[in-house]
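1. Below is the sequence, then the predicted model.
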Amino acid sequence: MLSVRDMETSYGASQVLFGMTLDVAAGEVVTLMGRNGMGKTTTVRSIMGLTPTQGGTVVFDGARIDGLPSYRIARAGIGLVPEGRQIFPNLTVRENLVATAHNRLGAARPWTLDRVFDRFPALAARAGGMGSELSGGEQQMLAISRALMTNPRLLILDEATEGLAPRIRAEIWRCLAELKADGQAILVIDKNLAALARIADRHYIIEKGAVVWSGSAAALEADPGLQHRYLGV
């Protein structure tokens, strides 16, 4: 579904990505891991067209999307839950959800307000509240729900549970497990290796803007030295 090949991205004269290569197949959950500052968010921004690339290709559903404006990439079927949530603080929960809602690709069982509120009852209770009034956990639920309301073929989550309370983190992981069971393709960035291992089909580890290891959850769990080398603090 998503094929990134030899992607290079710079901020001014500072190059951040050096030949990034990764794949996400239909219905697959793939993780992108690494220490802070290694290029994970830049990879996501480059895929989404938010930061221009200087080389390589990004192909989604058989068509090249590198070089396209971000709104066209979103319309192609990629939903983003960005780092920092970035919900609209001056809109209500309901308005945040309907602002970009669309079943452009004709999903057989589309995400609707009722379906989102059934999945996240806390949002239903705050439907008329402003985005700025939500807790961090509620904002993350809203950011995920907003992306789902576009009925994406691929869902990308950047720092899925960073800074959230344990109860909210568990709720997010349950949600992602249910999405996987429904066949949703997901690319997720997070630091919780144990939680990622439970839902991921494959992992990519990034170091200094390039993939240094990729493989199954079982292979990563079986190699503590690899974890310490690339993921340890």
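-> Arrived safely.
2. what's the nearest residue to L176 if we skip its chain neighbours?
-> Counting by Cβ to Cβ, 6 or more residues apart in numbering, L176 lies nearest to I199, which is 5.6 Å off, once chain neighbours are set aside. To be clear about C-beta, it is placed using only N, CA and C from the backbone, and glycine gets the same treatment.
3. give me every residue that touches A185.
-> The neighbourhood of A185, defined by Cβ atoms under 8 Å, 6 or more residues apart in numbering, consists of 1-2, 24-29, 153-155.
4. go again using 7 Å as the cut-off
-> 1, 24, 26-28, 153-155 (Cβ atoms under 7 Å, 6 or more residues apart in numbering).
5. If you drop the residues flanking it in sequence, what lies closest to it?
-> Using Cβ to Cβ, 6+ apart, the nearest residue to A185 is L154, at 4.7 Å.
6. Can you get me a residue count around that neighbour?
-> Counted with other Cβ atoms under 10 Å, the neighbours of L154 add up to 22.
7. In this structure it contacts D23, no?
-> No: with contacts counted by Cβ atoms under 7 Å, L154 stays clear of D23, the gap being 11.4 Å.
8. Need the overlap of contacts for the two.
-> By Cβ under 7 Å, 6+ apart, the residues touching both L154 and D23 are L2.
9. What is the burial count for the residue nearest to L176?
-> Neighbours of I199 (other Cβ under 10 Å): 19.
10. Was I right to think S70 contacts L50?
-> Yes: using Cβ under 7 Å, S70 is in contact with L50, at 5.3 Å.
11. In CSV: the contacts of A185, plus pLDDT, secondary structure and distance to G62.
-> Shown next, in CSV, are those (pLDDT from 0 to 100; DSSP: H, G, I helix; E, B strand; the rest coil; distance: Cβ to Cβ, whole Å):
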residue, pLDDT, secondary structure, distance to G62
M1, 95, coil, 9
V24, 98, strand, 14
A26, 95, coil, 12
G27, 95, coil, 16
E28, 96, coil, 16
R153, 96, coil, 12
L154, 97, strand, 13
L155, 98, strand, 19
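12. So which of the residues you listed is the closest to R169?
-> The closest of the contacts of A185 to R169 turns out to be L155 (Cβ to Cβ; 17.4 Å).
13. so where's the longest helix in the chain?
-> helix 166-181 (DSSP state H).
14. other SSEs contacting it?
-> Applying 3 or more Cβ pairs under 7 Å, 6 or more residues apart in numbering; DSSP states H and E, we find helix 166-181 packed against helix 136-148, strand 185-189, helix 193-199.
15. pLDDT of it, averaged?
-> Taken as a whole, helix 166-181 has an average pLDDT of 93.
16. Touching it from outside, list them.
-> Applying Cβ under 7 Å, 6+ apart, the contact partners of helix 166-181 are 29, 119, 137, 140, 144, 155, 160-161, 186, 188, 195, 199.
17. in it, what's buried?
-> 168-169, 171-173, 175-176, 179-180 (16 or more other Cβ atoms under 10 Å).
18. Can I get it in PDB? Just the C-alpha atoms.
-> Only the C-alpha atoms of helix 166-181 are listed here, as PDB (Å, rounded to 0.1, in the frame of the first residue of the first chain):
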ATOM      1  CA  PRO A 166      -1.500   5.000  31.900                       C
ATOM      2  CA  ARG A 167      -5.300   4.500  31.700                       C
ATOM      3  CA  ILE A 168      -5.500   6.600  28.500                       C
ATOM      4  CA  ARG A 169      -2.500   4.900  27.000                       C
ATOM      5  CA  ALA A 170      -4.200   1.500  27.500                       C
ATOM      6  CA  GLU A 171      -7.400   2.900  25.800                       C
ATOM      7  CA  ILE A 172      -5.400   4.000  22.800                       C
ATOM      8  CA  TRP A 173      -3.700   0.600  22.500                       C
ATOM      9  CA  ARG A 174      -7.000  -1.100  22.700                       C
ATOM     10  CA  CYS A 175      -8.300   1.100  20.000                       C
ATOM     11  CA  LEU A 176      -5.400   0.300  17.700                       C
ATOM     12  CA  ALA A 177      -5.800  -3.400  18.300                       C
ATOM     13  CA  GLU A 178      -9.400  -3.100  17.300                       C
ATOM     14  CA  LEU A 179      -8.500  -1.200  14.200                       C
ATOM     15  CA  LYS A 180      -6.000  -3.800  13.300                       C
ATOM     16  CA  ALA A 181      -8.700  -6.500  13.700                       C
END
